[in-house]
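[1] here is my input, please return the structure:
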Amino acid sequence: MQADFQIGIIGAGFGGMIAALRLQESERHSFVIFERADEVGGTWRENTYPGCACDVQSDLYRSETYAPQPEIWAYMKSVADKHQLRNNTRFNFNVIKAEFISENGFWKVTNQHGEIVTVKVLIAAIGPLNRPIVPNFKGLENFKGEQFHSSRWNHAYDLNNKRVAVIGTGASAVQIVPAIAPIVKSLVVFQRTPAWIAFRHSKKNSGFRKRVYATFPVLQRANRKFQYFFNELIGLGFIGNKLVHSIATKVSLSNYNVVQNKIAREKLIPNYKLGCKRVLKSDDYLPTFNRENVHLETSEIEHFTQDSIVTKDGTEHKIDAVIFGTGFEVTDFQTGMQLIGTNGQDVFKHWQQNGVAAYHGITVAQYPNFGLLLGPNTGLGHNSVVDIMESQVTYLMQYINAIEKLPTNAALDVKQEIQNKYNEALQKQFTGTVWASGCKSWYLDRNGKNVTLYPRLNTTYRNTVKHFQHKDFNVV
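    Predicted coordinates:
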C-alpha cells in the first residue's frame, strides 16, 4: 500500500516553508503541508501585538535592521505566492493525531474532522512559541476588565486613556511597553525578574541602500555574513569566553544609565550573568520608565479584584486592562497533538515522563521516518534560528534520500543508543556556559535540565549536521 504523499509537513511557518522550498529545489513535488490556520506565517501570523518585531538583525527583509512583524509576515506570504506553496497546503487542517503504521512503513495523519492523509515521511515544523502561558493568579476569574495574552492580542479593545497592567518583562513585553505607553492613561509593569537589555541601534534602510543592495546583492550578503559572525562572537561569551562576556556585560550595563530614577534603575538591572536568560534588544524599553505615566512594580502579585491588582506589600493598582507577557510552554513540547511511534507511545507523553530528547534535535528513536525542526536543544540565545532550521533541512534532505532507497514498506529509525550518547555528551557541554550559572529560565524543564538551547555556536551545529550518517539508524 502506497502513501498519499511522499512527505508531509506539519506547520506553514518559517520551518515548514524552508522544508517545502528545499523539496521543490530537489524536484520532489509529492508533499503536503498541514496548516491549522487559514494562512501561512506561524508565529509571525499569530503575534500581532504593537511593536512586534524581529530581535535578530534581519536585513534580508530590507526595510530596517530589525524587521517589524507586518513586513516579515508579508514577506512570508510573498514567498508562498512566488513558489505557489499554497497549492501544496491544506489550510484549516489541524493535526490531532499522527501514527506510524509499521506494516506499511508510513504515517497516518488525522485532522480535527477525522480526515486521514498518509505520508511516507513526516516533518513536524510546529515551532516552540505557540502555546501561551497565563499564570493562575488568585482572583483572576473575578476581574471584570479586559485581559489577553500578548500572542492573542485583542485589536478590538481600545487602549487609549486606559489604566493598563503588563505582567512580565520578556521578549514580547519589552516591545509592547514602549509601544503602548504614549497612548494609555497609566501603565504598571509587573516585573518578577529583570532582563538584560541590549540596545538594537535599529536603522531604516534608505532608498539608496535598497537600490545598492538590489544592484549588488553580494553587498547585502556580505552585510548579513558580518551580522551573523558578530552574533557568533557574542555567543563565544555565552559558552565560556570570559573576555567577550566581560566586555558585553559592561556595554549592556551602560544601557541602564538612560533610566533617570535611581531606584527604578537599580530594580531593572539583573543580578545574574548576561545570557543566562535571553538577552533582549530594545532602544526604547528602558527610556519608557522615565515617563510619568509608567510605573515599575516588583512586589509579587497577591490577587486580583474586580478592577485592580493587589501586591503582597498591600498596594492596590486600579486597572482597566491586563496584558499577559508571560511567555509560552516550551520545555514540555505539549501540542494538543498525539504522535504515536513503533512503541505505541505518544512522543509528547513519553517526553513528559522520561525527559525531552532527540538526536541532533531532529530525529527521535522509535519514531521512524520522522523529523523535527527546532526540536529539543536547538534553540539559541545569540543568533538566528532560521539558520538552524536551514541546517536541519539540509540534514533531513539526506535522511529522505536514504529513505527513498529502501523497500516500499521499510523505514529508518535512529538507534536509541546513538540518541542517548549524543544527549549525554550534549548536556556535558553546558558546563562552563552562562546557562549553567544558576538562574532560572524558560530554557529549563521542571528538573532544571536545559532541553531548549544548543550549548555551542550556530557554526558548530551546522557542521555537526552537515552529513547524514546512515550507520546511526536501523532499517525497520
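[2] who's in contact with the nearest residue to Asn447 once chain neighbours are set aside?
    In space, and not counting its chain neighbours, Asn447 is closest to Gly355: 7.3 Å by CB to CB, 6 or more residues apart in numbering. Quick note: C-beta positions are derived from backbone N, CA and C, even for glycine. Listed by CB atoms under 8 Å, 6 or more residues apart in numbering, the contact partners of Gly355 are Asp445, Asn447, Lys449, Val451.
[3] ok, His295 next?
    His295 neighbours (CB under 8 Å, 6+ apart): Ser186, Leu187, Val188, Val189.
[4] if any of the residues you listed are buried, give me the PyMOL selection for them.
    Here is the PyMOL command that picks out the buried ones among the contacts of His295, judged by 16 or more other CB atoms under 10 Å:
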select buried, resi 186+187+188+189
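[5] would you turn the contacts of His295 into CSV with distance to Ala98?
    Shown next, in CSV, are the contacts of His295 (distance: CB to CB, whole Å):
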residue, distance to Ala98
Ser186, 48
Leu187, 44
Val188, 44
Val189, 41
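[6] what part of the chain, helix or strand, is modelled with the least confidence?
    helix 207-215 (a mean of 85; mean pLDDT, DSSP states H and E).
[7] what about the strands in the stretch 101-250 of the chain?
    106-111, 116-124, 146-149, 163-167, 186-190, 197-198 (DSSP state E, counting those that start in this stretch).
[8] oh, that last question was meant for the stretch 301-450 of the chain, not what I typed.
    301-304, 308-311, 316-318, 321-324, 338-340, 370-372, 412-414.
[9] can you say which of those is nearest to Val121?
    Relative to Val121, the nearest member of the strands of the stretch 301-450 of the chain by CB to CB is strand 370-372, separated by 7.3 Å.
[10] what are the pairing partners of that closest one, and which direction each?
    The pairing partners recorded for strand 370-372 under DSSP bridges are strand 116-124 (parallel).
[11] what angle do strand 106-111 and the partner strand make with each other?
    Interaxial angle of strand 116-124 relative to strand 106-111 (axes from the mean of the first three to the mean of the last three CA atoms, to 10 degrees): 100 degrees.
[12] okay if I get the strands of the stretch 301-450 of the chain as CSV plus mean neighbour count and distance to Trp73?
    Converted to CSV, the strands of the stretch 301-450 of the chain look like this (neighbours: other CB atoms under 10 Å; distance: least, CB to CB, whole Å):
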stretch, mean neighbour count, distance to Trp73
strand 301-304, 18, 33
strand 308-311, 19, 33
strand 316-318, 15, 34
strand 321-324, 23, 21
strand 338-340, 20, 28
strand 370-372, 26, 24
strand 412-414, 22, 35
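[13] Serialize those to a markdown table and add fields for mean pLDDT and distance to Gly8.
    Shown next, in a markdown table, are these (pLDDT from 0 to 100; distance: least, CB to CB, whole Å):
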| stretch | mean pLDDT | distance to Gly8 |
| --- | --- | --- |
| strand 301-304 | 97 | 44 |
| strand 308-311 | 98 | 45 |
| strand 316-318 | 98 | 49 |
| strand 321-324 | 98 | 34 |
| strand 338-340 | 97 | 12 |
| strand 370-372 | 98 | 10 |
| strand 412-414 | 98 | 16 |
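[14] the closest residue in space to Ser282 that isn't next to it in sequence: how many residues sit nearby?
    Distances taken as CB to CB, 6+ apart place Val174 nearest to Ser282, at 4.7 Å, with adjacent residues excluded. Val174: 25 surrounding residues under other CB atoms under 10 Å.
[15] looking at the contacts of His295, which is nearest Ser151?
    So of the contacts of His295, ranked by how close each gets to Ser151 (CB to CB), first place is Val189, at 18.1 Å.
[16] for the residue nearest to Asn161 when sequence neighbours are not counted, what are its contacts?
    The shortest distance from Asn161 to any non-neighbouring residue, by CB to CB, 6+ apart, is to Lys185 (4.8 Å). Residues in contact with Lys185, defined by CB under 8 Å, 6+ apart, are Asn161, Lys162, Arg163, Val164, Asn293.
[17] redo that, cut-off 10 Å
    Leu159, Asn160, Asn161, Lys162, Arg163, Val164, Asn293, Asp320 (CB atoms under 10 Å, 6 or more residues apart in numbering).
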